[in-house]
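>>> no FASTA, just this:
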């Protein structure tokens, strides 16, 4: 999403390509021995940073001491990053900023400016709290750095211009009753944005990039205890730097359902096997086994060196001595020359969720991993639960905005729980027939989703599916 906004402002390829990790690698911070400069920025023009809603369709906007801007400039072949801080704001609303540049910076050095500096990390735009006071008022400008005049060290050649529009969405069902939503997903053009407030609300504020004649979908994800809703418009236009208010009459998609139809011919369960809520990790299963190895209440022990918390015969945890179907070298079932997909009796989804449910095959997981059909968006705090994971959002026609959350539950290896809150590992029902000690699993972290082959004895998460009628 950050790339999209910067592209709209015609920012250089160097800055446009910056994600959080790329910023850390490519932009050189200025050391303290540099030259400290100050400059004055004109008062903000509303609507920009949403400090207050005046109730007349406008927002109050102002600078605040402590806010920061990213100033990117080039010396020889290196890109430098100076973080400027607002140190004072006068009665007219003009701000004085202070920043430090490298001592070799010549007068007349061109620079690009991004406000706030945190917008270099695209997740600050993609994920928003939905609250008015925390909307990132993203702006882009250009300037010239002048170390020879430190009290006027920056001159703007292009004023700081808002890169997005601020929206207030009021959510209602078709009867006009308020929809209290724990999260909101907006798909506009090719970008997806997620709002996760601290508590369920029917009013959301978001920053969205300007679009012209594009489709937009707004959806409320549901789970077993709440219904899901969807709003869709095929032709939407709005401009950057404006404030829009809209009451969305949303269509009921599913009522407190156990599943979500994603448009791939499947119904995906809204939570892991063994979980009560979508954000819960649930249980961990070895591939081809239908019960956890640990005793009740010990699924999330990070280290467990004793034997009392493990079921009989499973004292070694998720390793080959505990595994039902083989020792890692030879196998009594799923040998590579017999069944290559789990039978229902050995499918943890079927046995724990009931007839009709099953684990996805390798090909079904691969289809869900397709960026052409689904968005995978990393979430730091799903529904205010504090749980991290991936929100998978459908791009399929007629299903746009439908989503499932896959918590990053980590996995169990031996007696230990590893990578919880960092990675997600989800079993498929497909054996790796060339090396039958392994099976295919979906895998994701904050940067990307993928798939891999894992030892069958490891404890992974299981997400059930069933065919759509």
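Noted; the coordinates are in hand. Given the structure is predicted, the values throughout are model-derived calculations rather than measurements.
>>> Could you use CA atoms for every contact and neighbour count after this?
Fine.
>>> Find the residue closest to the residue located most distally from the centre of the chain in space, skipping its chain neighbours.
No residue in the chain sits farther from the centre than residue 148, which is 43.6 Å out by CA atoms, centre = their mean. The shortest distance from residue 148 to any non-neighbouring residue, by CA to CA, 6 or more residues apart in numbering, is to residue 107 (6.4 Å).
>>> helix or strand for the one you found, which one?
According to DSSP states H and E, residue 107 maps onto no helix or strand at all.
>>> contacting residues around it?
Contact partners of residue 107, counting by CA atoms under 8 Å, 6 or more residues apart in numbering, are 145-148.
>>> tell me which of those residues is nearest to residue 162?
residue 145 (21.6 Å; CA to CA).
>>> Mind telling me what element residue 112 is part of?
Going by DSSP H and E, residue 112 is part of strand 109-115.
>>> Show me what counts as buried in that strand.
110-115 (16 or more other CA atoms under 10 Å).
>>> One more: stretch 268-286?
Applying a neighbour-count criterion of 16+ other CA under 10 Å, one finds 268-274, 278-286 buried in stretch 268-286.
>>> Against residue 80, how distant is residue 158?
20 Å (CA to CA, to the nearest Å).
>>> More neighbours: those two, which one.
Taking neighbours as other CA atoms under 10 Å, residue 158 and residue 80 compare with residue 80 leading, 18 against 13.
>>> now the strands for the stretch 101-250 of the chain?
109-115, 127-128, 139-145, 154-162, 164-173, 184-188, 191-195, 203-209, 211-220, 228-238, 243-254 (DSSP state E, counting those that start in this stretch).
>>> counting contacts, what elements does the third one pack onto?
Based on contacts counted as 3 or more CA pairs under 8 Å, 6 or more residues apart in numbering; DSSP states H and E, the elements that strand 139-145 packs against are strand 109-115, strand 154-162.
>>> Mind putting those strands into CSV with mean pLDDT?
Formatted as CSV, the helices and strands packed on strand 139-145 follow (pLDDT from 0 to 100):
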stretch, mean pLDDT
strand 109-115, 95
strand 154-162, 91
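>>> closest to residue 132 out of those?
strand 154-162 (16.3 Å).
>>> any weak-confidence spans in the stretch 301-450 of the chain?
304-307 (pLDDT under 70).
>>> just so I know, which of the strands of the stretch 101-250 of the chain lies nearest residue 94?
strand 154-162 (13.0 Å).
>>> Report the separation between residue 327 and residue 274.
Going from residue 327 to residue 274 by CA to CA gives 26 Å.
>>> how far out from the middle of the chain is the strand holding residue 112?
28 Å (CA atoms, centre = their mean, to the nearest Å).
>>> likewise stretch 177-190?
15 Å.
>>> List the buried residues of it.
179-189.
>>> can you pull the buried residues of stretch 423-434?
423-433.
>>> hang on, the earlier thing: the strand holding residue 112 - which strands sit beside it in the sheet, and in what orientation?
According to DSSP bridges, strand 109-115 has the following sheet partners: strand 68-75 (antiparallel), strand 139-145 (antiparallel).
>>> what angle separates it from strand 154-162?
Interaxial angle of strand 109-115 relative to strand 154-162 (axes from the mean of the first three to the mean of the last three CA atoms, to 10 degrees): 30 degrees.
>>> Quick one: residues in contact with strand 109-115.
11, 68-74, 120, 137-146, 160.
>>> quick one, strands of the stretch 301-450 of the chain?
According to DSSP E, counting those that start in this stretch, the strands that the stretch 301-450 of the chain contains are 374-379, 389-394, 403-407, 411-413, 416-418, 424-431, 438-444, 449-455.
>>> ok, and what's touching the fourth one?
Counting by CA under 8 Å, 6+ apart, the neighbours of strand 411-413 from elsewhere in the structure are 284, 317-319, 417-420, 424-425, 457-461.
>>> Kindly report the same for the second one.
Surrounding strand 389-394, the residues in contact under the criterion CA under 8 Å, 6+ apart are 262-263, 373-380, 382, 400-409, 421-424, 444-446.
>>> again with stretch 89-102
So stretch 89-102 is contacted by 30-44, 62-65, 82-88 (CA under 8 Å, 6+ apart).
>>> Buried residues in it, which are they?
89, 93-102.
>>> Also stretch 128-143?
So for stretch 128-143, counting by 16+ other CA under 10 Å, buried means 128-132, 135-143.
>>> So, low pLDDT: which residues of the stretch 51-200 of the chain?
Ranges of the stretch 51-200 of the chain meeting pLDDT under 70: 51-58, 60.
>>> now do 50
51 (pLDDT under 50).
>>> quick one: which of the contacts of residue 107 is nearest residue 353?
Each of the contacts of residue 107 was scored against residue 353 by CA to CA, and residue 145 proved nearest at 63.6 Å.
>>> For beta bridges, what are the partners of that closest one?
Beta-bridge partners recorded for residue 145 (DSSP bridges): residue 109, residue 154.
>>> That one contacts residue 104, doesn't it?
No: the criterion here is CA atoms under 8 Å, and residue 145 misses it with residue 104 at 11.9 Å.
>>> Which residues belonging to the host helix or strand of residue 36 are considered buried?
Here residue 36 sits within strand 35-41, counting by DSSP H and E. Neighbour-count burial for strand 35-41, counted by 16+ other CA under 10 Å, picks out 35-41.
>>> Same check on stretch 237-254?
By neighbour count with 16+ other CA under 10 Å, stretch 237-254 contains the buried residues 238-244, 248-251, 253-254.
>>> Provide the contact partners of stretch 365-383 at residue level.
By CA under 8 Å, 6+ apart, stretch 365-383 touches 127, 182-183, 192, 196-199, 279, 386-396, 428, 442, 445-451.
>>> Start and end of it, how far apart?
Start and end residues of stretch 365-383 are separated by 24 Å (CA to CA).
>>> again with stretch 445-458
18 Å.
>>> chain center to that stretch, what's the gap?
Taking mean C-alpha positions (CA atoms, centre = their mean), stretch 445-458 and its chain are 18 Å apart.
>>> And for stretch 264-279?
On the basis of CA atoms, centre = their mean, stretch 264-279 sits 18 Å off its chain's mean C-alpha point.
>>> need the contact list for residue 267.
Counted by CA under 8 Å, 6+ apart, residue 267 has contacts 259-261, 465-468.
>>> For residue 341, see how far away the most centrally placed residue in the chain is.
Centroid-nearest residue in the chain, with CA atoms, centre = their mean: residue 378, separated by 2.6 Å. Here residue 378 is placed at a distance of 30 Å from residue 341 (CA to CA).
>>> ok so, going back, tell me which strands the strand holding residue 36 pairs with, and in which orientation.
Assessed with DSSP bridges, strand 35-41 is paired to strand 95-101 (antiparallel).
>>> and the closest residue to residue 331 other than its chain neighbours, how far is that from residue 360?
Distances taken as CA to CA, 6+ apart place residue 325 nearest to residue 331, at 5.5 Å, with adjacent residues excluded. From residue 325 over to residue 360 the distance is 20 Å, taken as CA to CA.
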